[in-house]
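Participant: please find the sequence and the predicted model below.
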Amino acid sequence: MKFERYGIGIAKGLRVTFKHLFRRPVTVQYPEQKLHMSRRIRGNELIWDKDKCTGCATCAKTCPQGVIQVITSVDAVENKYVVEKFEVDTGYCISCGLCIEACPYEALYMGYAYERAKYRREDVIQTNEQLLPSADRLRSGYMYPEIAAQLPRQTLLLERITEEEE
Amino acid sequence: MTLKTEPFVLNVGPQHPSTHGVFRMRATLDGEVVVDIEPIFGYLHRGIEKLAEERTYTGVIPLTDRLDYLSSMANNLGYCLAVEKLAGIPVPERAQYIRVIMAELQRIASHLIAVGAFLNDCGAFMTPIVYMIREREKILDLFDMVCGQRLTYNYMRPGGVSQEIPDEFLPALDKFLKQMPGWIDEYDQLLKENEILLARSKGVGTLSQELAISISASGPVLRGSGIKWDIRRADPYSIYERFEFDIPTGTVGDCYDRYRVRVEEMRQSLRILEQARQQIPGGEFRSKVPHLIRPPVGETYAHIEAPKGELGFYLVSDNSIAPYRCHVRAPSLLNVTALRDLMIGWKIADLILIFGSMDICMGEIDR
Amino acid sequence: MMIFNPDPSSVRQMPTLAPDWPGGFWWHWLLFTVIIIAFVLLLVMGYIWLERRAMGRMQARLGPNRAGPFGLLQPVADALKVMLKEDIVPVNADKIVHLLAPIIAFAPVLIIFAVVPFANGALLADLNIGIVFVVAISSISTLGVFMAGWGSSNKYSLLGAMRNVASVVSYEIPVVLSIAGVVLITGSLSMNQIVLAQEIPFILLQPLGFLIFFIGGCAEINRSPFDLLEADSEIVAGFHTEYSGMKFAMFYLVEYAEALVISALITTLFLGGWRGPILPPWLWFLVKVMVVFFVMVWTRTTLPRVRIDQLMALAWKFLFPLALLNLFITGIEILAWPTAIAWLIPVNIAVMVILVLLWSKLFKLGWGRVEV
Ligand code: SF4
Ligand code: SF4
C-alpha cells in the first residue's frame, strides 16, 4: 500500500481524541454518585403482597427456573387457600419477570433495589416475611404503570451528555 | 547453511484478551506466520436447545436472551416470530413497529461493539471501544427504560411485546436519532482513513464470494464480500417491506470491508428507525394470547437478519406447552467456519484481526 | 545566528558545583546519583499518572482519581500493591535468566540519565561522547527483554521478545543517523554542548531529523503504534506475561523510564534542552519533557498498531533512506553555509515536506500485494 493520504487520516484521528480531552467524561463515580434506575427496573429481589396472594401458584408454574415454591393449606371455613410458605431462591432467579407477568392477582412485584448482594448463601433464599414490601424494599414499576409513575425519572446518558455534535 | 526451523503450536485462547469470550484457536506457527489453525469451541455450552424442550413457549424467551447476549432483542424477535408462525398468532400493528424499533436499535448496539472490538484488536488502545460503548450505553438506557434490564431484555412475547413503551421513550428516541449520526461521523474520522488501519486491514483475510456462499455465511461477513443478501429484503419478516433502506456491501471481502459494512449498516438502521418513528401507530401492544401456548402439531422455521447474520429458529411442536425440539441456527457458528481458510498464511497479528472482523459471540456458537 | 563553534574555555566546566568540596569528586558523584535516581523515579511516577489521566480524559473517562488529590498518589498505590504481590516463577522457567532479566533491563535506563543535562552543567558526567554513550547503553535493555522472553518459557513471551529485538536492531540505525545530523551542526558529542549550541531549537533546523528520531524513538521503546512486543490484543502481554510482583514492577518502570529517556533526548537534541526564557532551566526541561510525553500518549490513544513486517518496512524503506538523505543534506549545508543559517529553516522544512511526500508515494507495504 502507499501512504497516499500523507498522514491526513492519522491527523484526523488525533483531532478527535484531542477534542475529547475537553469533553465531559461519562464516568459515574458509583458509590457516591448514583443514577436513577429505570422505573421498570427488574432489581434483584421479588416483592410479594401477602394479602393479595391467593396461593394459586401460577407464578411458580410460570417460572422458567422453578425457583418459586408455594405451599398452601385449605381453609375450609372461608373456602380458600392459605399460603403457608412462599419461598423464592433468588440465587437461581434470573430476574426475567415472567412470574410478575403471570400473577393474576397482582400480588407479585419486582424490586426497585439493585444492591442486594448477600454474603451467605442461605440469605439468598427468601421466605414469607422477607418478601414483603417495606420502606427500603420499594416495588418497581415492571408491569405496573401506576407504580412506575411514582418512581423518579430515569437518568439517561443521552441527556447527561449535552454537547451537540459538530 | 540453512537454519533448522520447526513450526510451533500456540494456543490462542480460551483465555486470551482478544478471543471475545472463550474461543480457542490452536495455531501452528512458522515464526510469526500461521501455517495451520484449528478453531476449538464448546467452552460455553449450556445446553440451551435441550433446556428449551422443558420450558413453556414463553419460558424459552429468557433463554434466547442468553444466546447472543449482545443482541438479545433480535434473538427475542426471531424466536417470537417462530412461535407465532407455529401457533398462528397475529401481531398488532403497533407491536410490529415497536419490535422493528427495538431490533434496529439492537443492531446498532451490536455493531458498535463489533466495530469497537475490531478496532481494539487492531491495537487502537481502548479508545474506539470506549467511545462505542458510550454510544451503546445510550441504547441500553432506552432498552432499560422499556423492559427494566440492560442486557437480558426478555421483552418480546409471542403476539407482541410484554409491555407498552413508556411515555418518555419516544422523546428519548428522537434525541438519540438526532445525536447518533454525528457520533458515527466522528468515529469515522477517528479511524476510517487512518493509514495504519488501512495497511493492517485492507486485503487481509479476504473472504471470496464462492467461499462465503459455500460456508453459508451471512450478515456483514457475507455482505462484506459483496453479496447483496439481507433477509430483511430477501424474505421480509415483520413489517420490513414497508421501510426504505439500502443494503451496504463491500467489494473484496477483507477485514476493512466487513468493518465498513457494519458502520454503513448502522446508518441504514438509523434510517429505518427514523421511518418507524414517524409511522408508529396507536393501538394494542399485544394480541390476546393464552397464558400457555399450545401450538398445533407441526414444525416451522423462522429466520431474521440478526446483527451478526441469519438467525433462525426451528421449532417442532407436539401440541404440548413446551417445544418438542428447538434448534437455533446461529450466524456466528457458520461464519466462524471460514476462519481456517482466511487465516492461513497470515501473521499472528492478522489472525487476531481477522477473528475480530468476524464479530462472533460465544454465547451463540456454543449455545 | 551562527553554528556553535566550540569555545575551548567553555567545554569543560561545571558551573553549578563548587570544585573544592570536601571529597570533591565523590560528593559530586553521590549527590548527583541520589538526585538523579530520585528524580527519575519521581518523574516516572508522574509519567504513569499523566498517561493514565490524559488517556482517560481522551477516552471520555476520568482516569484514576481516588488516591490523593486528582489521583496523584495512584502510582504510589500501584507500586505498593505490586510490591506486596506474590512473586510467581513458572515451573519451566530458566530461573536465573528469569530473575536477571528485569535487572538487566532496568539498570541501563538509569545509567543513561548520567549524561542528560537538567540545567546548564547539571549532569552527573559531562562525557565528551555523551550521545554515543546514550546510544550504546540504551540498547542493553533489549538484552533484558530478550532474556525475559526466553527465560519465562512462554510462547507469547518469546514472540514478544523476538519482536523487540527485531525492532530495536532496525530502528537503531535511522535513530543514530538522525542524531548524527544534530551532531554535525553542533560539532560536539557532549549533551551539554549540544544544548548550549541551540540558539534556536534544532527542531527547526532539523525537522526531518526530528521526525525520524521521534518515530524511531517511539519504535525503539515500543510505544504505540509500535508497541508490538506487548501487544495486549495479540500476544497477551508479550515478554512480561509471566512476571509478577516486584519483577513486573521493574519492567513497568523500564517501560516508562525508557519513555522518559526518549523524551529527554528529544528535548535535549531538538527542543533546546533546558534553555528558555523566564522560567528556571530545570522547569523548562520538565515542561518540555512532559509535552513530548503528552504527544506520545496522544498517539497511543489514537493509533492502531502496525504489524511486524510493516514495522520493518517502515524502518528500512522509509526512515533509513530519509535519514541518510537528511544527513547528506545537512552535511552539504554545513559545508556550504557554515555561518548563515536563519534562512535554512524554511528551506529545511520544505525539504522535509517534499521528501516525506515523495517517499510516501514510493512506499510499499504488505509484500506489495496490498493496494489502497
Ligand atoms: S423473575 Fe423469572 S426466574 Fe425469577 S422468580 Fe420470577 S419467573 Fe422465576
Ligand atoms: S401467582 Fe400471584 S396470587 Fe398466585 S401464588 Fe403467585 S403471587 Fe400468589
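Facilitator: In hand now; what should we look at? Ligands and ions are numbered 1, 2, ... in the order given.

Participant: closest residue of the stretch 1-150 of chain C to chain B?
Facilitator: Nearest residue of the stretch 1-150 of chain C to chain B: C:Q59, at 4.3 Å (CB to the nearest CB). Backbone N, C-alpha and C define where each C-beta goes, glycine included.

Participant: for that residue, which non-adjacent residue is spatially closest?
Facilitator: B:V130 (4.3 Å; CB to CB, 6 or more residues apart in numbering or on different chains).

Participant: tell me the helix or strand right after the strand or helix carrying C:I334.
Facilitator: Using DSSP states H and E, C:I334 sits in helix C:320-336. As assigned by DSSP H and E, the chain's next helix or strand after helix C:320-336 is helix C:344-362.

Participant: picking up where we left off before, my guess is the residue of the stretch 1-150 of chain C closest to chain B meets C:T302, correct?
Facilitator: No. With contact defined as CB atoms under 8 Å, C:Q59 does not reach C:T302; the gap is 10.3 Å.

Participant: whichever strand or helix holds the residue nearest to C:Q59 and ligand 1 in contact?
Facilitator: B:V130 is part of helix B:127-147, with elements assigned from DSSP H and E. No. Helix B:127-147 lies apart from ligand 1 when judged by CB under 6 Å from any ligand atom; the minimum separation is 12.7 Å.

Participant: mean confidence for whichever helix or strand comes after that helix?
Facilitator: Using DSSP H and E, the helix or strand that follows helix B:127-147 in sequence is strand B:156-157. Computed over strand B:156-157, the mean pLDDT rounds to 88.

Participant: what parts of chain A come near ligand 2?
Facilitator: Counting by CB under 6 Å from any ligand atom, chain A sits next to ligand 2 at A:53-59, A:70, A:103, A:105, A:107-108.

Participant: got the buried residues for the biggest helix by length in chain A?
Facilitator: Counting by DSSP state H, the longest helix found in chain A is helix A:8-21. Residues of helix A:8-21 classed as buried: A:9-10, A:12-14, A:16-17, A:20 (neighbour count, 16 or more other CB atoms under 10 Å in any protein chain shown).

Participant: got it, and stretch C:39-52?
Facilitator: Buried, per 16+ other CB under 10 Å, within stretch C:39-52: C:39-41, C:43-52.

Participant: what angle do the longest helix of chain A and helix B:127-147 make?
Facilitator: Relative orientation of helix A:8-21 and helix B:127-147, computed by axes from the mean of the first three to the mean of the last three CA atoms, to 10 degrees: 50 degrees.

Participant: give me the contacts around helix A:8-21.
Facilitator: B:127, B:131, B:186-187, B:189-198, C:54, C:57-60, C:298-299, C:301-303 (CB atoms under 8 Å, 6 or more residues apart in numbering or on different chains).

Participant: narrow those residues to those that are buried.
Facilitator: Using 16+ other CB under 10 Å, the buried members of the contacts of helix A:8-21 are B:127, B:131, B:186-187, B:189-198, C:54, C:57-60, C:298-299, C:301-303.

Participant: those in strands, which ones?
Facilitator: Members of the buried ones among the contacts of helix A:8-21 lying in strands (criterion: DSSP state E): none.

Participant: from A:Q65, how far out is the residue in the stretch 1-150 of chain B that ligand 1 sits nearest to?
Facilitator: The nearest approach of the stretch 1-150 of chain B to ligand 1 comes at B:P62, 6.9 Å away (CB to the nearest ligand atom). Distance of B:P62 to A:Q65, given as CB to CB, to the nearest Å: 8 Å.

Participant: mind checking which of the two has more residues around it?
Facilitator: B:P62 (21 against 17; other CB atoms under 10 Å in any protein chain shown).

Participant: what score does that one have for pLDDT?
Facilitator: For B:P62, the model assigns a pLDDT of 88.

Participant: where along the stretch 251-367 of chain B do the helices fall?
Facilitator: B:255-279, B:331-336, B:339-343, B:348-358, B:362-366 (DSSP state H, counting those that start in this stretch).

Participant: deepest-packed of the ones you listed, please.
Facilitator: Ranked by mean neighbour count, those are led by helix B:348-358 with a mean of 27 (mean count of other CB atoms under 10 Å in any protein chain shown).

Participant: give me the low-pLDDT residue ranges for the stretch 51-200 of chain C?
Facilitator: Scanning the stretch 51-200 of chain C with the threshold set as pLDDT under 70 gives C:119-126.

Participant: residue contacts, the residue of it found nearest ligand 1?
Facilitator: Nearest residue of the stretch 51-200 of chain C to ligand 1: C:R61, at 33.5 Å (CB to the nearest ligand atom). By CB under 8 Å, 6+ apart, C:R61 lies in contact with A:25-27, B:130.

Participant: can you give me the helices for chain A?
Facilitator: Under DSSP H, chain A gives helices at A:8-21, A:58-62, A:98-102, A:121-124, A:145-150, A:157-160.

Participant: now the residue in the stretch 151-300 of chain B that chain C sits nearest to: how far from B:A338?
Facilitator: Proximity of the stretch 151-300 of chain B to chain C (CB to the nearest CB) peaks at B:G203, 4.3 Å away. From B:G203 over to B:A338 the distance is 16 Å, taken as CB to CB.

Participant: end to end on stretch B:15-22, go ahead and measure it.
Facilitator: 6 Å (CA to CA, to the nearest Å).
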